[in-house]
Structures are given as C-alpha cells and as structure tokens.
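Trainee: Pasting a predicted model and its sequence here:
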Amino acid sequence: MLLIDAHCHLEAKDFPTGPADVITRARAQGVVHAVVVGQLQRPGDFGLALTTHAAHPDFLSPTMGIHPHDAAQALPEDWETLGRHCALPQVRAVGETGLDYFYEHSPRAAQRVGFAKHCALAKALDKPMVIHVRDAHDDALEVLKGEGITQGMIHCFTGDTDAARRYLDLGLHLSISGIVTYKKSEAIQAAVAFAPLDRLLVETDTPYLAPLPFRGKKNEPGNVGETAKKVAELKGQAADLVALTCAWNTKRLLSLPVELPAL
C-alpha cells in the first residue's frame, strides 16, 4: 500500500529522540508523507511542527492551530503568532481547532470564540481547516455554517452517519483514525461505509489511538495502513486502491508537495 498519514503529532514529549526513526519505520510500511500538526503547547510555544517539517520537508507538511482544550489559555499574542504561522506557505491548513465538550478543558463559550477565529483566519488565507469535534457535532456544524467554511477535514471523525452526511454536505472531508478498527465503533464504521471514498482520509493521530492490533501502544504514522485496511473492508474495495485514493484526497485537500502514482 501507498499511504499518507493525514494527521499526526510528533512532539518531543512523546518522541524525545526526534522523529527520524519514526519516519524510517513509516516509510518501510509504505507511508510517503504525513501531516504534522502544530498546536499551542503553552503560552508563547507552538511546539516543534515547523522545525520538524524543516528537517524533513520531503516527508512532513505542517498545520498550525490552537486546540479547543487551550482556547481559554491562549494569550492575545498567541493568536497573533498563529496568524503569522498560518500565513507561511509551508503551513497547509489552519488547525487543529474545533469543539470538545467531552473534556471541556476550556469553557464552551471560549471554545466557540476560538473556533470562529480559526474559521475567519482560514477564510482570509484561503486554506483548509483541521477540525476537532468531540460530543459537539451540532454546535460545530452551527459554527462552520455560520462562518461559511467549505474546505477542510473533520479529523478523527467519531460521529454517526447523520453527522457524516451533514459535514459532507458542507463540502468537508472525513479523516478516519484507528478508532474505526475497534470493536465498539459500529456507528463510525457505518458512517465510513456511507461516505463517498473520494471524501475520506486516513490518519493515525500519533501518538494516540493506535489501531488494532497495536491498541494500547504508542501510535506511529507507520500504523496508518491498518486503518486503511479497515476502511477498505467497510467499502468492499481493495486495500491498495483505498489507500491510494485516500492519499490523493489528502494531497488535493492540503495541496501537499508529494508525487503520487495515478489512480
């Protein structure tokens, strides 16, 4: 299989020796590119995504955002920095941003304000969005519709078929994580079976959410093939075709600088 990991985190706290070995292992599994997510770690610090990309520009493309968990902690200067970062040509999307009502590390009102700021930035820059939604689909859809967002991905999609339909109707893509391989993910599996293949991406969300048979271990981009195999099973199509189609979907959505064979 030829694969692109549409969403991973490669911060030093999880990979203290750096990503070189992780990238080597991913390449050995057919991964030709990965989207590395930069996000606010603490006030004034957006992590290593830009520097990690600079060290591995042929394999990594960065995004940049302020996670909904941190919406209330971000300082005015952090939002200014985010705007500068997202305007860089190598930054392929705005986010990860969105709404998380499961943990509510930031108040819901602050999350919605932060989400709307990201939407406005994405529209101003004409860049797609990387959107995190957990237990907040109705409110997320309200913000997205209100802000006129039509390009981006629902990262680590965990909704049902109705949520999938509503995101797809906006023009968005669904990025599928290793959760789809878990036994109690019937609703997500049904949504994947429903969604058109040309609107699906596959991701790891490294270092989280390792797919079966790696569940419980630190995730890596090299594991994205297991998710692609499950998507292929649900779509009733060959794994190689599904993996390549998802790679092309990711390339097109994020304008990734990677060469792919024709479908």
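Mentor: Now that the structure is in, tell me what you want to look at.
Trainee: Just the buried positions in the helix or strand encompassing D138, please.
Mentor: Secondary structure assignment for D138, by DSSP states H and E: helix 137-147. The neighbour-count check on helix 137-147 (16 or more other C-beta atoms under 10 Å) flags 137, 139-141, 143-144, 147 as buried. For glycine as for every other residue, the C-beta is placed from the backbone atoms N, C-alpha and C.
Trainee: same thing with stretch 10-20?
Mentor: Using 16+ other C-beta under 10 Å as the test for burial, stretch 10-20 gives 10-11, 15, 19.
Trainee: and what of stretch 232-250?
Mentor: Applying a neighbour-count criterion of 16+ other C-beta under 10 Å, one finds 232-235, 239, 242-250 buried in stretch 232-250.
Trainee: do the same with stretch 53-64
Mentor: Residues 53, 56, 59-64 are the ones in stretch 53-64 that count as buried (16+ other C-beta under 10 Å).
Trainee: try stretch 103-117
Mentor: Buried residues in stretch 103-117, counted by 16+ other C-beta under 10 Å: 104, 106, 110-112, 114-115, 117.
Trainee: same check, this time on stretch 170-184
Mentor: 172-182.
Trainee: now that stretch, how far from the chain's geometric center?
Mentor: Its chain's average C-alpha position is 10 Å from that of stretch 170-184, according to C-alpha atoms, centre = their mean, to the nearest Å.
Trainee: and what of stretch 212-224?
Mentor: Centroid displacement of stretch 212-224 relative to its chain, using C-alpha atoms, centre = their mean, is 16 Å.
Trainee: can you list contacts of that stretch?
Mentor: Applying C-beta atoms under 8 Å, 6 or more residues apart in numbering, the external contacts of stretch 212-224 come out as 3-5, 8, 14, 22-23, 25-26, 28-29, 31, 34, 178, 181-182, 202-211, 226.
Trainee: Any of those buried? List them.
Mentor: By neighbour count, with 16+ other C-beta under 10 Å, the contacts of stretch 212-224 hold 3-5, 8, 22-23, 26, 29, 31, 34, 178, 181-182, 202-207, 209-211, 226 as buried.
Trainee: quick revisit: what is the nearest of the buried residues of helix 137-147 to L260?
Mentor: L260 lies nearest to L144 out of the buried residues of helix 137-147, by C-beta to C-beta, at 28.5 Å.
Trainee: what sits against the closest one?
Mentor: Taking C-beta under 8 Å, 6+ apart as the criterion, L144 is in contact with 119, 131, 170, 172.
Trainee: Make JSON lines out of the buried residues of stretch 232-250 and add secondary structure.
Mentor: Shown next, in JSON lines, are those (DSSP: H, G, I helix; E, B strand; the rest coil):
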{"residue": "A232", "secondary structure": "helix"}
{"residue": "E233", "secondary structure": "helix"}
{"residue": "L234", "secondary structure": "helix"}
{"residue": "K235", "secondary structure": "helix"}
{"residue": "A239", "secondary structure": "helix"}
{"residue": "V242", "secondary structure": "helix"}
{"residue": "A243", "secondary structure": "helix"}
{"residue": "L244", "secondary structure": "helix"}
{"residue": "T245", "secondary structure": "helix"}
{"residue": "C246", "secondary structure": "helix"}
{"residue": "A247", "secondary structure": "helix"}
{"residue": "W248", "secondary structure": "helix"}
{"residue": "N249", "secondary structure": "helix"}
{"residue": "T250", "secondary structure": "helix"}
